[in-house]
Structures are given as structure tokens and as C-alpha cells.
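Peer 1: only geometry, no sequence info:
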Ligand SMILES: Nc1ncnc2c1ncn2[C@@H]1O[C@H](COP(=O)(O)OP(=O)(O)OP(=O)(O)O)[C@@H](O)[C@H]1O
Ligand SMILES: O=C(O)[C@H](O)COP(=O)(O)O
């Protein structure tokens, strides 16, 4: 892999595509700075070499050009605190003033460009927009794994303007290495834990994993579509009616491939979607009318924990319930604890992917107790599905 270790950045300006698409609260305070922290090793190496850093990123999905809500100025003070450098800000990512600010940048300094998606050319992968961006730096570095599945101007198209000077940052390299390890060098037993809201988001991944895993655990909102497809009653739980047939097919495929597919045996139900709702445990597929399943039940948690604790490789994507509410986080916490135990006591390699699973593990303070927490949501899913990511291809190709 062509990483920044292969280059001495002394007196060079590195144009780095990062993924600083971080969650902000109503007062524009960052609620999870993981993606910024994850880019720090790359930034430090370049500054230490005696280079200067120009950071470019998107934030959110602005549709109508410059919008205060999506300005990257909101992350400036945190970025300065985390890097220990008084970061400069260019209020446009291209144009005269950005060019001047980039040109004036001295070794050891950092410039953050305004949100790339304020230009529709970014998402369109416009070549001349990419060329304008490319003029700002001497070397291109891609460290934006979270956005590597997008063929955008700054993530992929721009690389053609740096035929001899394009590198993966440390985060990209680590993400790809860990995903590779899971896909191609998994020690057995290999268990995948799938959860989250929808089956439809994860069909391709589940199909791919059926080729690889020994155990496939399915929990979270998607499990109710399986329960309903098998003839169960699920009340007002999440249901993707048009995916029932497919759920049954996945069950058959698992059988044919000798994969142990494990579905919930009980579930915690609530009379409304609220933390203080009335709740009780019932057998899966026996949810009374008007009630909804919001977490796996205690028997299921135990069942899942046994399988997880005996595994040597673990891939976890998607929470087991509505973990954002205290009352329905128990199942997700039980799975997190088991993943930690397998990592520590059984020497398992554990990779957590997906925005919400990563948020859950951070909420429980267990981020450092598992092998790796990916910064990618969609990007990791696509990589695991076997797709070539445009951001990776641009550097490799
Ligand atoms: N039983 C359930 N009923 C309703 N919502 C649920 C249920 N179980 C989980 N969820 C919700 O699913 C959401 C997470 O699903 P998602 O598929 O987005 O997970 P992820 O893959 O970790 O994250 P991302 O898609 O952001 O990468 C959470 O907000 C959680 O509250
Ligand atoms: O948060 C993400 O998954 C990445 O930053 C990509 O964002 P996007 O889905 O808006 O392209």
C-alpha cells in the first residue's frame, strides 16, 4: 500500500481529504470527535516531517450551496485543541482567497477548507473542480475512509492530478488492513453480529458473510421481519414487508451453507416508542397487538453471549435495540460486553463497524476494549460486500 510513510513531506504542502463529517448538537458542538482524532496521526507525521497541512472535508449533505449549519468553521476550535496548532480557516474551498491562504501556509501550519459540498461539483465528481482543488497542494493524501465509497471530486477524481504524489493516510491504511483481515484471514469460529434498523441496508453484506462465517447472529429491528416471515406476530415492531420472502431465503441459504443462523428467542416489548413506556419480555413472534419490540430479551442476550464468547473473529454491525434509550440498551450492552470478553479472554479479533454500533460502544466506554472500531458506516459495508471503493482505487490505480 502506498502510504505516507513512503514520502518525506519537508517543505511540502499536503492536501489531505479527511472525513470530518462529525455529529453536531443544536449549539454546533461536536458530540463525537472520533473521526477527527482518527486523522491526527497522519496530520502529525506530515507536520513532524516539516510539511504544511491543508485539510478538506464535507460536513452533512448541504443541498443549496453555502449554509451556516453545515459550515466546517464549527469544528475549528476543537480541531485546534486536538492538533495543538492554531488552525487557519479558508471560508471557501476554492477561489482566490483559498489559493492565497494555501500559498502563504508555512511548514508546521494547518489550513482547514470550507465544506466541499457547498459546490455541487464535489458530489458530481467534476474534473475541473477537482483540478482547482489540486492546485492548493503539492501532494495528495486520502485519509477519508468514511467517504471512500463515494466517487467524488475530492475523494477520487482529484488523484489524477497527482500521478506521482498520492498516498493513503494512516487511518485509510488501518481501516483497509482491518477489513482485509476479517474478509480474508479470519480465524475460526468467525461470528458476524448484525443488527440495526433495516434488513434492506444489509442484504448484500449478509449474503457475502454467509460464504465466510460460522455463526450469523441477527438482532435489532431487522429481526422482526424474519420473525414475521416465519409466521410470528410482531405487533407494531419494525417490519419491511417486502423483505419477508428474502428473509426466508437467507435462512435457507444459511442452512445450505452450514452456517449457524441465530435469531432472537425473546424480545423486550413496549407500549409506545418512549424510554418511560410500559415494557415486558415476551417470546419472539408473540408480540400482542399495539406493542412493539425495542430490544432483544434476556434469554436471547444469553444465547448470543455464549456464541460470541467462544468466537475467534467477530464482526459487529448494528445495535440490538434502541440503545439510544436507557430502557432498551440492555441487549446491545450485553453483546458489547461479550465482544469485549471474547477479545480479552479468548484472544478474538473484534471489529465494530457502522455509525450506530460505534456510537453504542463509545456510549458504554468500551471503545478501547475491542480490537478495532471503524470510522466507516456505508464505506465499511461496501468494502465488506466486496466492492472496490473509489477512494481506495484512486490511490492504488
Ligand atoms: N427494535 C428496534 N426498533 C426500532 N429501531 C431500532 C430497533 N433496533 C435498533 N433500532 C435502531 O436502529 C438504528 C441503527 O441502525 P443502523 O442500521 O443505522 O445501524 P448501523 O449500521 O450501526 O449504523 P449506520 O447505518 O449509521 O452506519 C438505531 O438508531 C437504533 O435505535
Ligand atoms: O458519514 C458518512 O457515512 C460519510 O461521511 C459519508 O457521508 P455521505 O453518506 O453523506 O456521503
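Peer 2: In hand now; what should we look at? Here the structure is a predicted model, which means the values were calculated and not measured. Numbers count the residues shown, from 1 in each chain. Ligands and ions are numbered 1, 2, ... in the order given.

Peer 1: could you pull out the helices for the stretch 201-350 of the chain?
Peer 2: Listed in chain order, the helices of the stretch 201-350 of the chain (DSSP state H, counting those that start in this stretch) span 203-210, 223-229, 244-257, 298-309, 330-345.

Peer 1: and if you look at the stretch 51-200 of the chain?
Peer 2: Using DSSP H, counting those that start in this stretch, helices in the stretch 51-200 of the chain cover 76-83, 96-104, 120-124, 127-134, 170-184.

Peer 1: just checking, what packs against the longest one?
Peer 2: Pointing back at helix 170-184 there. helix 34-49, strand 349-353, helix 378-384, helix 390-396 (3 or more C-beta pairs under 8 Å, 6 or more residues apart in numbering; DSSP states H and E). Every C-beta, even on glycine, is put in place using the N, C-alpha and C of the backbone.

Peer 1: quick check: residues of this protein near ligand 1?
Peer 2: Contact residues, the chain versus ligand 1 (C-beta under 6 Å from any ligand atom): 196-198, 201, 220-221, 238, 293-294, 317-319, 321-322, 324, 354-357, 377.

Peer 1: quick one, which of the helices and strands packed on helix 170-184 gets closest to residue 250.
Peer 2: With C-beta to C-beta as the measure, helix 378-384 is the member of the helices and strands packed on helix 170-184 nearest residue 250 (16.1 Å).

Peer 1: pLDDT on that closest one, on average?
Peer 2: Averaged over helix 378-384, pLDDT sits at 92.

Peer 1: got the buried residues for it?
Peer 2: Under the neighbour-count criterion of 16 or more other C-beta atoms under 10 Å, helix 378-384 has 379-384 buried.

Peer 1: near ligand 2 too, which of the residues of the chain next to ligand 1?
Peer 2: The overlap between the residues of the chain next to ligand 1 and the neighbours of ligand 2 (C-beta under 6 Å from any ligand atom) comes to residue 377.

Peer 1: mean pLDDT and mean neighbour count added to the helices of the stretch 51-200 of the chain, as TSV?
Peer 2: What follows is the helices of the stretch 51-200 of the chain, written out as TSV (pLDDT from 0 to 100; neighbours: other C-beta atoms under 10 Å):
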stretch	mean pLDDT	mean neighbour count
helix 76-83	98	16
helix 96-104	97	14
helix 120-124	98	17
helix 127-134	98	18
helix 170-184	95	19
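
Peer 1: redo those as a markdown table? Include distance to ligand 2.
Peer 2: Formatted as a markdown table, the helices of the stretch 51-200 of the chain follow (distance: least, C-beta to the nearest ligand atom, whole Å):
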| stretch | distance to ligand 2 |
| --- | --- |
| helix 76-83 | 16 |
| helix 96-104 | 22 |
| helix 120-124 | 8 |
| helix 127-134 | 16 |
| helix 170-184 | 13 |
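
Peer 1: so what's the residue count around the closest residue to ligand 2 within the stretch 251-397 of the chain?
Peer 2: Ligand 2 sits closest to residue 377 of the stretch 251-397 of the chain, with a gap of 4.1 Å, by C-beta to the nearest ligand atom. For residue 377, the count of nearby residues is 19 (other C-beta atoms under 10 Å).

Peer 1: follow-up on the earlier one: can you tell me which of the helices and strands packed on helix 170-184 has the worst average pLDDT?
Peer 2: If you rank these by mean pLDDT, helix 378-384 sits at the bottom with a mean of 92.

Peer 1: pull the helix or strand with minimum mean pLDDT from this protein.
Peer 2: Lowest by mean pLDDT, DSSP states H and E among the helices and strands of the chain is helix 355-363, with a mean of 89.

Peer 1: in strands, which of the residues of the chain next to ligand 1 appear?
Peer 2: In this view, the residues of the chain next to ligand 1 that belong to strands under DSSP state E are 293-294, 317.

Peer 1: out of these, the closest to residue 158 would be?
Peer 2: Looking across those and measuring by C-beta to C-beta, the closest to residue 158 is residue 317, at 29.6 Å.

Peer 1: report the contact partners of the nearest residue to that closest one once chain neighbours are set aside.
Peer 2: Using C-beta to C-beta, 6 or more residues apart in numbering and skipping residues adjacent in sequence, the residue nearest residue 317 is residue 354, 4.5 Å away. By C-beta atoms under 8 Å, 6 or more residues apart in numbering, the contact list for residue 354 reads 196, 317-318, 374, 377, 380-381.

Peer 1: with respect to pLDDT, which of the ones in strands among the residues of the chain next to ligand 1 ranks lowest?
Peer 2: pLDDT across those is at its lowest for residue 317, which sits at 94.

Peer 1: and the pLDDT at the residue of the stretch 201-350 of the chain found nearest ligand 2?
Peer 2: Relative to ligand 2, the nearest point of the stretch 201-350 of the chain is residue 201 (12.1 Å; C-beta to the nearest ligand atom). pLDDT, residue 201: 84.
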